[in-house]
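[1] sequence-free structure coming up:
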């Protein structure tokens, strides 16, 4: 019997995830795709109708059912019923930890085994996970709770993993500056008038970006020496990371570029403008997204010898929520299909670009 998936929330991450799972439902061998929307909004009628046409089934709170019907929607079931039927629940709201206490924990120990997944902002929801980075740790975990790490954490971790060349401790230390876009193009608020520098509140790690990457690697018993800073700039396009990573031994820029090119999760580009990279994703990505962990700007790459080691520096673009979407699906399929999830995930390889 095929297993069901419930996505909670229809925002920046929830909306494309619902459409993606509904569109690929048969190819990845899952059952029904439910989505829960809490608030009926007149300006989101078209969005809900589009998701429903793709085959996703609307679940609402019982007390809101009449309001959804007044907008022309026909909810298939209520939220509690969807929770009961779902084998995997993917929470895409900023209230994942609150929902865990209120709705998800009470469901543990029932006859039906379930997996609950939350997104990057929900620290300590469950084991941190990034597809292609710590799959071995996910496979061993049986807590029932997974936190898909943020898009910038995917980026930092992928750079470290790639430059380790199969031996994690080839990476001596790393320093990262996260140049963050102000808000997503789908969001109304949080835009800023000018660049805003962040503070270093995470002790030895600077900002939470390095701490989150450290915690991700810690699930594998690895403990990198990394530090991060952050600033926000007045654009809606993409995050950019300036990286400075010291690795053991001598390596040329050609050597480093080959490592990036040979990692299917990394795309490289000769484009130096964020809007150009973003536009490529809009035109050629699925749902307008780039699913790669990172997009490395080739022209910015530098590799310099330093006391017998190599300092690798440059800039790379973070594909917003695309990498998080892919990790949410990978965690879902690993739970539903076991080791076979690797084969099912190959369906999405066509959206992992080598060059942008």
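    Nice, thanks for sending it over. Computed from a predicted structure; not experimentally measured.
[2] a helix runs through residue 213, doesn't it?
    Yes: using DSSP: H, G, I helix; E, B strand; the rest coil, the secondary structure at residue 213 is a helix.
[3] ok, the closest residue to it other than its chain neighbours to residue 5 distance?
    Leaving out its chain neighbours, the residue that sits closest to residue 213 by CB to CB, 6 or more residues apart in numbering is residue 156, at 4.4 Å. (Glycine included, C-beta is placed from N, CA and C.) Look at residue 156 and residue 5: by CB to CB, to the nearest Å, they are 28 Å apart.
[4] Could you do residue 313 as well?
    Relative to residue 5, residue 313 is positioned 41 Å away (CB to CB).
[5] One more: residue 215?
    Noted for residue 215: a distance of 26 Å to residue 5, by CB to CB.
[6] ok, the two, which is more surrounded?
    Neighbour count, other CB atoms under 10 Å: between residue 215 and residue 5, residue 5 has more, with 31 against 18.
[7] elements contacting the strand or helix carrying residue 341?
    Assigned by DSSP states H and E, residue 341 belongs to helix 341-345. Applying 3 or more CB pairs under 8 Å, 6 or more residues apart in numbering; DSSP states H and E, we find helix 341-345 packed against helix 322-337.
[8] Could you list every helix and strand in contact with the helix it packs on?
    So helix 322-337, by 3+ CB pairs under 8 Å, 6+ apart, packs with helix 14-23, strand 88-91, strand 115-118, helix 135-140, strand 145-148, helix 151-163, helix 341-345.
[9] Same list (the ones you listed) but as TSV, adding mean pLDDT, mean neighbour count and distance to residue 71.
    Shown next, in TSV, are the helices and strands packed on helix 322-337 (pLDDT from 0 to 100; neighbours: other CB atoms under 10 Å; distance: least, CB to CB, whole Å):
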stretch	mean pLDDT	mean neighbour count	distance to residue 71
helix 14-23	96	24	17
strand 88-91	98	26	24
strand 115-118	98	26	28
helix 135-140	96	15	39
strand 145-148	98	26	31
helix 151-163	97	26	32
helix 341-345	97	17	35
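[10] Of all these, which one is nearest residue 64?
    With CB to CB as the criterion, residue 64 lies closest to helix 14-23 of the helices and strands packed on helix 322-337, at 16.8 Å.
[11] so how far is residue 103 from residue 79?
    For residue 79 relative to residue 103 (CB to CB), the value is 8 Å.
[12] and if you look at residue 71?
    As for residue 71, its distance to residue 103 is 25 Å (criterion: CB to CB).
[13] Name the residue in these two with the higher neighbour count.
    Taking neighbours as other CB under 10 Å, residue 71 and residue 103 compare with residue 103 leading, 16 against 13.
[14] and the more buried one, that one's in a helix?
    Yes: with three-state DSSP as the criterion, residue 103 is part of a helix.
[15] residues contacting it?
    Listed by CB atoms under 8 Å, 6 or more residues apart in numbering, the contact partners of residue 103 are residue 83.
[16] Renumber starting at 119 from here on
    OK, 119 is where the count begins now, so the last one is residue 221.
[17] Once you drop chain neighbours, what's closest to residue 364?
    residue 290 (4.4 Å).
[18] can you count the residues close to residue 334?
    26.
[19] Within the helices and strands, which one has the nearest residue to it once chain neighbours are set aside?
    Leaving aside its chain neighbours, residue 334 sits nearest to residue 246 (4.7 Å; criterion: CB to CB, 6+ apart). Residue 246 belongs to strand 245-247 when elements are defined using DSSP H and E.
[20] do residue 428 as well
    Assigned by DSSP H and E, residue 428 belongs to strand 427-436.
[21] As a check, name the ranges of all helices in this structure.
    Assigned by DSSP state H, the chain shows helices spanning 132-141, 163-171, 183-188, 197-203, 214-217, 253-258, 269-281, 326-336, 371-379, 392-402, 440-455, 459-463.
[22] Which residue, other than its chain neighbours, is closest to residue 357?
    Using CB to CB, 6+ apart and skipping residues adjacent in sequence, the residue nearest residue 357 is residue 436, 3.8 Å away.
[23] Who are the contact partners of that neighbour?
    Shown in contact with residue 436 (CB under 8 Å, 6+ apart): 269-270, 272-273, 356-359, 412-413.
[24] same thing with residue 345?
    Residue 345 is in contact with 291-294, 322-324, 328, counting by CB under 8 Å, 6+ apart.
[25] For ChimeraX, write a command that selects the buried ones of those residues.
    For the buried members of those, the matching ChimeraX selection, counting by 16 or more other CB atoms under 10 Å, is:
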select :292,293,294,323,324,328
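[26] Could you pick out which of the contacts of residue 345 are located in strands?
    The strands in this structure, assigned by DSSP state E, contain 291-294 from these.
[27] Show me which of those is closest to residue 237.
    residue 294 (20.6 Å).
[28] how about the nearest residue to residue 314 once chain neighbours are set aside, what does it touch?
    In space, and not counting its chain neighbours, residue 314 is closest to residue 350: 4.6 Å by CB to CB, 6+ apart. By CB under 8 Å, 6+ apart, residue 350 lies in contact with 298-300, 310, 313-314, 316.
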